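# Here is my input, please return the structure:
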Amino acid sequence: MGDARSARVPGGRAAGAGDQDGHGAVDVPENLTTLLSRLRRATAGLDGPLAVVDLDRFDANAADLLARAVGTPVRVASKSVRVRTLVERAGQRGFTGVMAYSLREALWLVRHGTRDVLVGYPSADRGALADLAHDEVARREITLMVDEPAHLALVRRALVAADLGDDAPPVRLCLDVDASLRVRLGPFALHLGTRRSPVRTPEAAAALAVRVAAEPGTSLRGLMFYEAQVAGLPDTDPVVRLVKRASVADLATRRGAVLAAVRDVVGHDVELVNSGGTGSLETSSADPVVTEVTAGSGLYVPGLFDGYRAFRPRPAAFVGLDVVRVPAGGWATAFGGGYVASGPASRTRLPRVATPGWGLSPREGAGEVQTPLHRTGRRGDALDVGDRVWFRHAKAGEVMERFDVVHLVRGDEVVDVVPTYRGEGRSFG
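Residues are numbered from 1 along each chain as shown. This next block holds a predicted model:
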């Protein structure tokens with residue numbers, strides 16, 4: 001395996017990263033006021049609901065993510081962006097390759113010129129697998145995720161049906177290795193993290209690698225370890241921080257053991273060892289066996305990332321809704337807003353009101369057609385019909401599925417309007 005770490009240079013926090021208070025707020029009040037005033041001026045002639053991304057903040061976040069990886073290549077997670085122009089922009093600012101969330105999405109991206117696409121999840125999409133088998137360019141540029149023999153069987157059927165002969169480039173595969181933490185407390189076993197893959201131990205990884213090596217028309221490109229319990233949880237309490245430390249220590253040993261076991265059975269090193277996410281870039285990139293890390297949410301910095309200690313949030317993506325009624329003193333109603341994030345059904349998945357002094361109604365939350373807001377403090381200005389209220393989504397790219405276009409802002413003007421995946425007529429699940 002090539003040593004990606006040999007090209008590293010010392011990194012620090014990107015310029016401007018200190019413009020947050022770092023304790024769950026969007027910005028310190030002065031910066032938040034300035035930011036929202038800019039967005040309001042930039043979009044004054046536009047009707048809501050609308051999605052905006054501040055390009056200066058997006059670019060600063062990209063630089064910060066690269067700095068935190070300290071020279072390890074960073075792959076952009078497309079599911080956290082879902083705007084092809086902005087996926088490409090991340091690449092122009094130093095990201096290397098794309099992690100897609102769907103094989104059909106990966107095929108679409110490659111046909112638009114994207115290169116080196118790792119599909120982060122296994123696929124049972126027989127039509128997309130057939131398209132991959134027939135497309136030599138896609139077979140060179142796309143790497144599929146597998147974690148059990150059933151996935152290999154699906155690939156085999158597609159290759160047999162395509163019948164392209166021995167000279168066709170192989171379908172490249174990556175083993176998804178479960179990176180959750182398992183702790184035994186007496187008779188009890190705790191599983192901390194997602195149940196992402198049945199492949200966990202060096203032995204299980206080696207057994208699947210043997211199956212891949214024996215499968216005609218395929219090649220093993222690499223391994224992936226996604227430690228969701230480190231990358232995807234904010235540092236909200238001592239227990240979470242303890243779990244993160246234990247997970248980092250476990251993976252620092254287990255990643256190397258899995259890699260060694262796979263290397264021993266296939267007789268060669270693998271090209272790619274992927275790990276990490278926005279919340280774990282430092283710890284993942286510190287492991288010498290890791291050749292690349294992945295990040296995407298950190299480009300937008302949604303609400304769920306406010307509680308991280310690894311970096312100071314610099315939100316770049318916002319949704320603007322317009323007030324359509326004022327039913328009582330201290331209350332206002334905005335049109336739209338029911339953009340609830342995936343995950344456990346709780347208040348953490350609701351959009352966050354960024355406009356100072358206003359919050360969601362505890363009884364109604366974010367509505368399907370209208371969202372009631374109530375005044376929460378003296379800082380908030382009164383809202384009248386036609387005023388704009390700004391929100392942040394709890395997660396990152398999901399909100400782009402609700403809009404056809406996103407307005408790109410620099411300073412106090414919209415400098416471009418670009419389609420989302422939805423705006424390009426694409427929905428990948």
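# show me where the stretch 201-350 of the chain has helices.
Along the stretch 201-350 of the chain, the stretches classed as helices by DSSP state H, counting those that start in this stretch are 202-214, 228-231, 238-266, 281-285, 297-300.
# any chance of these in CSV, plus mean pLDDT and distance to Y101?
Using the backbone N, CA and C atoms, a C-beta is placed for each residue, glycine as well. Supplementary listing: the helices of the stretch 201-350 of the chain in CSV, determined by pLDDT from 0 to 100; distance: least, CB to CB, whole Å:
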stretch, mean pLDDT, distance to Y101
helix 202-214, 96, 22
helix 228-231, 62, 14
helix 238-266, 83, 22
helix 281-285, 90, 19
helix 297-300, 96, 13
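# Return the most buried member of those.
helix 297-300 (a mean of 28; mean count of other CB atoms under 10 Å).
# who does it touch, helix- and strand-wise?
With contacts taken as 3 or more CB pairs under 8 Å, 6 or more residues apart in numbering; DSSP states H and E, helix 297-300 sits against helix 55-68.
# I'd like to know which of the helices of the stretch 201-350 of the chain is closest to V117.
helix 297-300 (17.4 Å; CB to CB).
# how far is that closest one from where the chain is centred?
7 Å (CA atoms, centre = their mean, to the nearest Å).
# Quick one, which of the helices of the stretch 201-350 of the chain gets closest to F311.
helix 297-300 (7.2 Å).
# Could you pull up the contacting residues of T143?
V117, L118, V119, R172, L173, C174, R221, G222, L272 (CB atoms under 8 Å, 6 or more residues apart in numbering).
# Now intersect the residues you listed with the strands, please.
Residues of the contacts of T143 located in strands (DSSP state E): V117, L118, V119, R172, L173, C174, R221, G222, L272.
# Who are the contact partners of the third one?
Spelled out, it's V119. Each residue near V119 by CB under 8 Å, 6+ apart is listed here: M99, A100, Y101, S102, L103, A106, I142, T143, L144, M145.
# Now T33. Nearest residue, chain neighbours left out?
Nearest-residue entry for T33: P356, 6.9 Å, with adjacent residues in sequence omitted and distances by CB to CB, 6 or more residues apart in numbering.
# Also A204?
Using CB to CB, 6+ apart and skipping the chain neighbours, the partner closest in space to A204 is P198 (7.2 Å).
# Verify the contact between R195 and S180 for me.
Yes - shown here, R195 and S180 form a contact pair, counting by CB atoms under 8 Å, at 6.9 Å.
# Look at the two and report which has more neighbours.
Between R195 and S180, counted using other CB atoms under 10 Å, the more crowded position is S180 (20 against 9).
# and that one, how far is that from E227?
Using CB to CB, to the nearest Å, we find S180 at a distance of 8 Å from E227.
# show me where pLDDT drops low in this protein?
Regions of the chain meeting the criterion pLDDT under 70 cover residues 1-30, 182-193, 228-236, 238-240, 242-244, 378-379.
# switch the cut-off to 50
Flagging of the chain using pLDDT under 50 yields the residue ranges 1-30.
# how far out from the middle of the chain is the host helix or strand of D416?
Using DSSP states H and E, D416 sits in strand 413-419. Between the centre of strand 413-419 and the centre of its chain there are 22 Å (CA atoms, centre = their mean).
# Mind exporting the C-alpha coordinates of that strand to CSV?
This file holds the C-alpha atoms of strand 413-419, laid out as CSV (Å, rounded to 0.1, in the frame of the first residue of the first chain):
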residue,chain,number,x,y,z
GLU,A,413,-25.5,39.0,-3.3
VAL,A,414,-26.6,35.8,-5.0
VAL,A,415,-23.7,34.9,-7.4
ASP,A,416,-25.2,31.7,-8.8
VAL,A,417,-28.3,29.5,-8.8
VAL,A,418,-27.6,25.8,-9.3
PRO,A,419,-29.8,22.7,-9.3
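# For it, which helices and strands make contact with it?
helix 29-42, helix 84-92, strand 405-410.
# again, 7 Å this time
When contacts are defined as 3 or more CB pairs under 7 Å, 6 or more residues apart in numbering; DSSP states H and E, strand 413-419 packs onto strand 405-410.
# The strand it packs on pairs with which strands?
In the sheet, strand 405-410 lines up against strand 50-54 (parallel), strand 413-419 (antiparallel) (DSSP bridges).
# mind listing the strands for the stretch 101-250 of the chain?
Assigned by DSSP state E, counting those that start in this stretch, the stretch 101-250 of the chain shows strands spanning 117-119, 142-146, 171-178, 181-185, 188-192, 218-226.
# Need the ones you listed in a markdown table (columns: distance to W331).
Shown next, in a markdown table, are those (distance: least, CB to CB, whole Å):
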| stretch | distance to W331 |
| --- | --- |
| strand 117-119 | 46 |
| strand 142-146 | 48 |
| strand 171-178 | 48 |
| strand 181-185 | 45 |
| strand 188-192 | 42 |
| strand 218-226 | 43 |
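# quick one, which of the ones you listed is nearest to G423?
Across the strands of the stretch 101-250 of the chain, G423 has its closest neighbour in strand 117-119 (20.6 Å, CB to CB).
# In a markdown table: the contacts of V119, plus distance to A44.
Formatted as a markdown table, the contacts of V119 follow (distance: CB to CB, whole Å):
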| residue | distance to A44 |
| --- | --- |
| M99 | 37 |
| A100 | 36 |
| Y101 | 35 |
| S102 | 37 |
| L103 | 42 |
| A106 | 39 |
| I142 | 43 |
| T143 | 45 |
| L144 | 47 |
| M145 | 45 |
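# Pull the number of nearby residues for the residue lying closest to P49 once chain neighbours are set aside.
Nearest non-adjacent residue to P49, counting by CB to CB, 6+ apart: G336, 4.1 Å away. Counted with other CB under 10 Å, the neighbours of G336 add up to 21.
# Confirm for me that R156 is in contact with E215.
Yes - between R156 and E215 there is a contact under CB atoms under 7 Å: 6.4 Å.
# any chance of the helices of the stretch 201-350 of the chain in CSV, with distance to A332 too?
Listed next are those as CSV, based on distance: least, CB to CB, whole Å:
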stretch, distance to A332
helix 202-214, 55
helix 228-231, 37
helix 238-266, 35
helix 281-285, 39
helix 297-300, 26
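# So which of these is nearest F95?
helix 297-300 (9.1 Å).
# At which residues are the strands of the stretch 251-400 of the chain located?
Counting by DSSP E, counting those that start in this stretch, the strands of the stretch 251-400 of the chain are 272-275, 292-295, 317-325, 331-335, 352-353, 358-360, 370-375, 388-392.
# Tabulate these (a markdown table), appending mean neighbour count.
Putting the strands of the stretch 251-400 of the chain into a markdown table (neighbours: other CB atoms under 10 Å) gives the following:
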| stretch | mean neighbour count |
| --- | --- |
| strand 272-275 | 26 |
| strand 292-295 | 27 |
| strand 317-325 | 22 |
| strand 331-335 | 21 |
| strand 352-353 | 23 |
| strand 358-360 | 19 |
| strand 370-375 | 21 |
| strand 388-392 | 24 |
